[in-house]
Structures are given as structure tokens and as C-alpha cells.
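what shape does this take:
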Amino acid sequence: MTEEDARDDASEQAPDRTPGQSPDHATVSELLGAWAVHALPPDEARLVPPHLADCEDCAAQAERLRETVRLLDGPDLDQGLSRESDPAPEPDSAPPASPAPTALPETLTRVLAGRPPVPRATTAHAEPYAAAVAALQALLAELDRDAAASWHTPVVHDWTVQDTVAHLIAADAHLAARLGLPPGTALPVADEPAEDAEDACWRDAWADRTRRQITHERGHAPGETVAAWRAQATALLGTEAARDPERAARVTTLLGIRLPLADHFLIRAFETWIHSDDIGRALALPVPPPPVGHLWRLVRLAVRLLGLALGPQAPTVALTVTDETHSTEWILGAEGEPVRAELALDPVDFCLLIGGRAHPGTVPRGTGGDTAAALAVLDRAAGLGWL
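Here you go, the predicted structure:
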């Protein structure tokens, strides 16, 4: 990162105060009206989200004010689907349909339906992360906080529910540190490995940070871990990089992946959803996939990452991601070479494969041509999963 980028990142730091300290209740209460109409100067606007994460009264008042503003402004335009995609054709051999999701429990359906909408100030690149955070917060609200057994339910990688939330604290902290946010209760992020470091080096650093954060959080009540995760996520969504597409276009390297900041926000959305699904499965509370517009943003990001991982010398494969209303095809591998195989996947199944939650040998798909080339793409996609 250049010195100029470093100065830009530093300019996004929150006002000077002790890490984890929130402004007093009376101060934030007086700011809420101006905050709801996005009329606060940046230094005051940054005071509000961390306090709302910890104060239910102010959070409720803020939502009432935002709802009033939405009513005055009129309804939001539906983001819908990307214009780059065409309606799905009627293929001769469509990929096998995914099983119909189990009906959501009535309580979880009610919570998800009533969750706060994404703030109007949130840009398209940060909307999926904001929505994923809201969905996980709603899911965690369903746990009986008096029943320790729920929080200690095994989820994935020998993590409990609380451990999984602790992992998200560790994972989000890399982007938070790059954007100049104070660490709060997250452990300080160590120096990043060099950009040309081996992939194993990044994965080892990722795993070590998670282990240390989980050990740290096991000394706290589950509710404190959730509050720490929520406060950090809220602070991330309050940064200039979350609100300004021009600033979010800056390229930076995090955990071995060099991408615009906007894409790093999408990665945070991807991981939050995947771990929400992990927790939901462990607790028998099925979690719905992201809204369709958000899901396809994650698909396009995943395809770019897969293309980079395959490289320009890989056998050429036509990858089609398709559902009932939407279909897009990408050509992966050697440019200008004849297509050797066709591969069709459902968007949710494709994302679960990229996230390491679907097996390349059993994921529902449609294939044609060179089966070995198609399977090589599936294997490489599954190998990207670090979550």
C-alpha cells in the first residue's frame, strides 16, 4: 500500500477515544434526528452506530426516525437483478433442482421479516454485508440466552455457536484495521504477510488469529461476544469506504486477495451468510439465502475469484449459473481456446461450493463435454473455501 493510501486509510479513523468506549446516552439521543436524515458531520455521525449496537432504546428510536424518513421520501427502488444478465433460457438439461428449503420456524420468520432494513445511505457494494449482519443478528436473537447448551452447540470446525461468532470478529477485524477503525474488543491484527506470500501462509495466519480470538471470547459471556461482533460490523458499515463508491474502488490486499475495497465488503457478506447458515443448520433453524440481488453479486465475485484461481492455462470451461429467473455464462480458463466442457450450477449451490460447504462430487449440477475438465473446475472451486 502506498503512503498516499495509508494517509487515506488513516483519515477514516474514528474520533480519538479509548477503544471500546461509547459516547454517553444523552449525547447520542440529541444526534439521532439529524443522523436519520444524514445531516450530521462525519465526526459526529461516527459516534452513533457503536452506541446503537449497545443501547436498545436508542436503536428503537433511530429505527422509528428512519421509518419516518422513508415514508417522507417514498419507497426505495427495488435493486432487482443486474442488467448484465438475461432471462434464463429453457435448457435441454437443467441442473438438478436443489431440495426445497424447510419451512422456517414462525418465530424466526417473524424476526427476519421485522429486521431493520439496510440504511438508505448504504451503497450497493455494502448492502449485502449489512443485510447479512441483520440476518445473523436475527438468528442469534432466537437462542435462549439462559440455556448455555444452545451457545455450546457444535457448528463447524469444532467451533460452537459462540466460537463461530468469535471467528467473525477475527475475520472482520482485518478489513476494520485496514479502514483505520480502533480494535475495540477484537484482538489487534498482526502485520500482514508479504503480498507474494504462499497461500498456506495466509491460511495459517487466518487460522491462528481465529484460534486466539476464540480463546479470548471463551472468557466472556456469549451475549458479550455477540455485542462485540455487532459493534464492529456496525462500525464497518459506518466507514467512508462503505458509503463512498469512489473510495471503495481503491485496491488493497487482505488475506492474500488483492481486490477493491468494495469486493472485500462482498467477501464479508459472503462469509457472514455462510456462517449464519452453519449456525442455522446446527440449531435446526434453516436460514434463507441472501436476497436475490445480493446473491448474484456474491456469485459474480465468486466467479472472478475462481477465474483467478484457475489461471489462463486451465482447460476452457463454460460455466453457467442459473435459477428460475436468471442465467449468466462465463468462459473460464485459456482465452481463445475451444470450450472443452460445460458446467451449470444453481447460484446457492455454487456459493456453498465456493464457501467449502458443498462437495464437488455431489453438488447438483449439469455437465457436458469433457467430464474431467468440468470436475477440475468443481474441485478448484471447493478448494477456495477458507471459511
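
tell me, what's the model's pLDDT at Ala113?
The score at Ala113 is 46. That number is its pLDDT.

list the buried residues of the lengthiest helix in the chain.
Among the segments of the chain that qualify as a helix by DSSP state H, the longest is helix 261-282. Along helix 261-282, the positions that meet the burial threshold by neighbour count (16 or more other C-beta atoms under 10 Å) are 261-280, 282. All C-beta atoms are positioned from the backbone trio N, CA, C, and that covers glycine.

buried sites along the following helix or strand past it?
Next helix or strand after helix 261-282 toward the C-terminus (DSSP states H and E): helix 292-310. Neighbour-count burial for helix 292-310, counted by 16+ other C-beta under 10 Å, picks out 292-303, 305-307, 309-310.

again, but for stretch 54-62
In stretch 54-62, the ones that count as buried by 16+ other C-beta under 10 Å are Cys55, Cys58, Ala59, Gln61, Ala62.

just the element for Thr252, please.
Of the helices and strands defined by DSSP H and E, Thr252 is found in strand 251-254.

dump that strand to PDB, keeping only the CA atoms.
Only the C-alpha atoms of strand 251-254 are listed here, as PDB (Å, rounded to 0.1, in the frame of the first residue of the first chain):
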ATOM      1  CA  VAL A 251      -7.500  -1.700  -4.400                       C
ATOM      2  CA  THR A 252      -6.000  -3.300  -1.300                       C
ATOM      3  CA  THR A 253      -4.700  -6.800  -0.300                       C
ATOM      4  CA  LEU A 254      -6.400  -8.600   2.600                       C
END
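
strands along the protein, start to end?
Secondary structure of the chain (DSSP state E): strands at 154-156, 159-160, 251-254, 257-260, 317-322, 327-332, 341-345, 366-369.

so which of these is nearest Leu378?
Of all the strands of the chain, the one in closest proximity to Leu378, counting by C-beta to C-beta, is strand 341-345 (7.3 Å).

give me the sheet partners of that closest one and which way each runs.
In its sheet, strand 341-345 lies beside strand 317-322 (parallel), strand 366-369 (antiparallel), with partners assigned from DSSP bridges.

of these, which is nearest His174?
Between those, strand 317-322 lies closest to His174; by C-beta to C-beta that is 27.8 Å.

then the closest one to PDB, C-alphas only?
Once non-C-alpha atoms are left out, strand 317-322 reads as follows in PDB (Å, rounded to 0.1, in the frame of the first residue of the first chain):
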ATOM      1  CA  VAL A 317     -14.900 -24.500 -19.500                       C
ATOM      2  CA  ALA A 318     -18.200 -22.600 -20.000                       C
ATOM      3  CA  LEU A 319     -19.700 -22.100 -16.500                       C
ATOM      4  CA  THR A 320     -23.400 -21.200 -16.400                       C
ATOM      5  CA  VAL A 321     -25.000 -20.200 -13.100                       C
ATOM      6  CA  THR A 322     -28.800 -20.300 -13.400                       C
END
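
contacts for it next, please.
Taking contacts as C-beta atoms under 8 Å, 6 or more residues apart in numbering, the residues outside strand 317-322 that touch it are 88, 91, 94-95, 299, 303, 306, 327-333, 339-347, 350, 373-374, 376-377.

of the residues you listed, buried ones?
Burial by neighbour count, 16+ other C-beta under 10 Å: within the contacts of strand 317-322 this picks out 88, 94-95, 299, 303, 306, 327-328, 330, 332-333, 339-347, 350, 373-374, 376-377.

related to what we said a few turns ago, for Val226, find the nearest of the strands of the chain.
Distance to Val226, taken as C-beta to C-beta, is lowest for strand 159-160 among these, at 12.8 Å.

partners of that closest one, with directions?
Short version: by DSSP bridges, strand 159-160 pairs with strand 154-156 (antiparallel).

which parts of the strand it pairs with are buried?
Within strand 154-156, the residues scored as buried using 16+ other C-beta under 10 Å are Val155, Val156.

please identify the most buried of the strands paired with strand 341-345.
Burial among the strands paired with strand 341-345, expressed as mean neighbours by mean count of other C-beta atoms under 10 Å, is greatest for strand 317-322, which shows a mean of 22.

I'd like to know how many residues surround Arg250.
Counted with other C-beta atoms under 10 Å, residues neighbouring Arg250 total 15.

and the closest residue to it other than its chain neighbours, what is it in contact with?
Counting by C-beta to C-beta, 6 or more residues apart in numbering, the nearest residue to Arg250 once its immediate chain neighbours are dropped is Leu261, at 5.6 Å. Contacts for Leu261 were tallied using C-beta under 8 Å, 6+ apart; they are Leu175, Arg178, Leu179, Ala241, Arg247, Ala248, Ala249, Arg250, Val251, Thr252.

need the pLDDT of Pro50.
Confidence for Pro50, expressed as pLDDT, is 81.
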